[in-house]
Every structure is written in C-alpha cells, then in structure tokens.
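> Everything below, folded, please.
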Amino acid sequence: MTGSRPRDISPAQLVMLLLLCRLFVLFTDTSRSENNLSGPASLASVPLAAAGALLMLLPFFLLRRKAGGDMLTAFWRVGRPFGAALTAACGLFCVYTAASTAGHFSFFLVSTVYQNAKQWVFVLLFLLAAAYAAALGLEAFSRAGGFFFAAAMAAGALLLFALLPEVDLANLASPFLDPGALAAGTLRGVAGNADFLLFLLLFPRVRGGSGKTGFWWVALTAAVWWVLCFFVLTALGDYAGTRLFPLQTAAAVANLSVFGRMDLVHITVWIITAFLRAAAWLYCGCTCLRRLFPKVRMGAASALCALAAGIAAAAAAPLWEAA
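Sure, this is the predicted structure:
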C-alpha cells in the first residue's frame, strides 16, 4: 500500500468487480424480447463481441499512453463548458444505470420470489445498501467483491455440475445458419455493454493498471458468459426462449442431492452481483458529481445519487409491471 492512494485497487480487484457487474446482465436477461437471438447465434456472438470490445478499448489505452490522466480530466482540459457538460452526462448515465439495476433487482424478486410484495420496498432497501457501500469508497466494496467473486464462481460451478444430467447437445445447431442474427448479436454485445464506461471511470483508481487489465476483464467475462449460456441452452433447449429469466429456470431445473434445487443458490449470487453493480455505478456517479462540485462530501454525494436513482426507478416501475 506504500505510495498508493487509499482508494486505489489492484487490477485483479477491478477485473473481478467488472466481471460480476457484467454477469448481472446475463442473470436479468429476458428471452421473450423479440430482439433476443436464437441460442446458437447467441453462443457464436459471445467471442465475436469480446473481440469487438477489445478493439473499442484500444483507442483509450493509446490516448492514455500519450496524454496520461483519466477520462474526466481529459474532458476538462478541452474547456470548462465542454468538461462540465460531458462530466454531467456521464454522471447522469451512472445514476440511470444504478436505477436500472435497482429496477431489475426489484422486478426479479416480485415476479419470481415475493410475488405479493411491493416493488418500491426492495428498491428502497437496495439503494440504501448500495449508497452506503459507495460512500465507504471503491476499495471497501472492491475488497468485498473479491470474496463475492470466489463465492459466485463456486456457486456457478455447483450449478453447472447439477445441470450436467440435463445437457443435450441436440438442442444446438450450426450458428452460421443465420448470419444476420450472428452479426446482430455481435453488434448488440458490443454496443450494449454499458460497463465500458464503468471500466473507463474506475481504471484510473487501479494501481499499476495496463492494457492487460482490460484484456483479462473482456476475456474472462466472455469465457464465463459463454459457458453459462452453453449450459442453459443445452439444458433447456427452445424452452429457454419462452422463459422470462432463463438462468433462473435452469437453476430450478438443476438438482443436487445435497443441496436440492439450485435456484436458491442462483438468487443469492444474483443479489450479490446486483449489489456490487449498483454500488459501482453509484460510486462513479459520485465521482462525476464531485468533479462538478468539489466541496460536496462523499457521503452527501452518495445520498444524492441514490435519491436520484430511486426516483428514476420508481418512475419506471409501471413499465416493469407492464412488461
């Protein structure tokens, strides 16, 4: 820790945190959307989207090597109005994503677990916990993220082991039967990855971070994503496309004699990823807010961002209920 700021984290901590944040998107994936792809095209698009993600990160590291500093500092170097506008835009997007995470979190619970509960209760409790974690600082919830990462990987291994008897390769076909779907899935995998901004905002807080950090994040996330998709699709087949939360359905199908059904394990891991994702986005929102208003303390910034996220999530609640 000598010579480093208290809020700095290691490259491994950033990779684990971002991987868990990205997994939350898979956990909340809804297959009944007309925009979702067939199983084979989804599997083939994962490595292609990963390659596209690495290409998108390349300009960032090239510019960082020449200009140094972080992205927000670069905004302000262009000019105060330009820097303020883009910093505000980044902050609003961070708050929006935290609100979206809270919305997905509460919608999942009231639609699959606590069907008679009020959605706003979960939003309130969730954002309070995430705001407290963000106020503690990046290092605090990143340390917890290391433990949660190990727990999530262990739980995932148990889930996949339990799904083995249900795997049927006949559920897969050639991914090249529909090149248009493959191209659409690749484009959506790259353009829809909001965690790019999370990486760009958190990377300056990494001790000794280099381009390898971005590579390991993208590569490991793609590997885990592909394995989970493979097991879900081969275990459920076409049935996966009819389910609101396919991964939760696969966990309910999986069974180990010692643990019983695995859906409780899935829900536990899902809550962990949702909490870390919301905390990370609220922290980045606080970072943007404090660039605009340097005198605002971290606790107050966290409370303001959480309040804005809560209002946005409450406003969008009817859309979730109608989905």
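> Show me what secondary structure element comes after the helix ranked longest in the chain.
The longest helix of the chain (DSSP state H) is helix 80-112. Where DSSP states H and E defines the elements, the next helix or strand beyond helix 80-112 is helix 119-136.
> Just the buried positions in that following helix, please.
119, 122-124, 126-127, 130-136 (16 or more other Cβ atoms under 10 Å). For the C-beta atoms, the positions are set from N, CA and C on the backbone; glycine is no exception.
> tell me what that helix is packed against?
helix 80-112, helix 138-163, helix 263-292, helix 298-322 (3 or more Cβ pairs under 8 Å, 6 or more residues apart in numbering; DSSP states H and E).
> Compare those and report which one is nearest to residue 185.
Residue 185 lies closest, by Cβ to Cβ, to one member of the helices and strands packed on helix 119-136: helix 80-112, at 20.7 Å.
> OK, contacts around residue 71?
By Cβ atoms under 8 Å, 6 or more residues apart in numbering, the contact list for residue 71 reads 60, 200, 201, 204.
> Most neighbours among those, which one is it?
The most crowded member of those is residue 201, carrying 22 neighbours; neighbours defined as other Cβ atoms under 10 Å.
> quick one: residue 289 and residue 301 touch, right?
Yes - the pair residue 289 / residue 301 is scored as a contact, 4.8 Å apart, by Cβ atoms under 8 Å.
> which regions of this structure lie under the pLDDT threshold?
By pLDDT under 70, the low-scoring segments of the chain are 1-7, 28-39, 67-69, 113, 117, 173-178, 238-244, 253-263, 317-323.
> And the most far-flung residue of it relative to its centre, how far from residue 86?
The outermost residue of the chain relative to its centre, with distances by Cα atoms, centre = their mean, is residue 79 at 31.9 Å. Residue 79 sits 10 Å away from residue 86, going by Cβ to Cβ, to the nearest Å.
> before we move on, what about residue 202?
For residue 202 relative to residue 86 (Cβ to Cβ), the value is 17 Å.
> And for residue 202, nearest residue in space, chain neighbours not counted?
residue 14 (6.1 Å; Cβ to Cβ, 6 or more residues apart in numbering).
> Also residue 316?
Of all residues not flanking residue 316 in the chain, residue 103 sits nearest, at 5.5 Å (Cβ to Cβ, 6+ apart).
> picking that back up, what about the contacts of residue 71, which are in helices?
Applying DSSP H to those, the entries found in helices are 60, 200, 201.
> want to throw the residues you listed into a markdown table with distance to residue 49?
Shown next, in a markdown table, are the ones in helices among the contacts of residue 71 (distance: Cβ to Cβ, whole Å):
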| residue | distance to residue 49 |
| --- | --- |
| 60 | 17 |
| 200 | 18 |
| 201 | 21 |
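> Closest to residue 9 out of the residues you listed?
Nearest member of the ones in helices among the contacts of residue 71 to residue 9, counting by Cβ to Cβ, is residue 201, at 12.8 Å.
> if I look at the residue lying closest to that closest one once chain neighbours are set aside, how far off is residue 195?
Nearest residue to residue 201 in three dimensions, chain neighbours excluded: residue 284, at 4.4 Å (Cβ to Cβ, 6+ apart). Distance from residue 284 to residue 195, counting by Cβ to Cβ: 11 Å.
> Isn't residue 190 up against residue 47?
No - counting by Cβ under 8 Å, residue 190 does not reach residue 47; the two are 11.9 Å apart.
> which of these two has more neighbours?
residue 190 (19 against 16).
> Excluding residues flanking it in the chain, which one is nearest the more buried one?
Nearest one to residue 190, counting by Cβ to Cβ, 6+ apart, is residue 52 at 3.9 Å.
> can I assume the one you found is in contact with residue 185?
No - with contact defined as Cβ under 8 Å, residue 52 does not reach residue 185; the gap is 11.0 Å.
> Compare neighbour counts for the two and give me the winner.
residue 185 (25 against 18).
> Look up which helix or strand the more buried one falls in, please.
In the assignment (DSSP H and E), residue 185 maps to helix 179-191.
> and that helix, what other elements does it pack with?
Contact here means 3+ Cβ pairs under 8 Å, 6+ apart; on that basis helix 179-191 packs against helix 39-67.
> Please find the angle between the direction vectors of the helix it packs on and helix 179-191.
If you take axes from the mean of the first three to the mean of the last three Cα atoms, to 10 degrees, helix 39-67 sits at 40 degrees to helix 179-191.
> For helix 39-67, buried residues please.
Quick answer for helix 39-67 (16+ other Cβ under 10 Å): 39-50, 52-54, 57, 60-61, 64.
> Cool, thanks, talk later.
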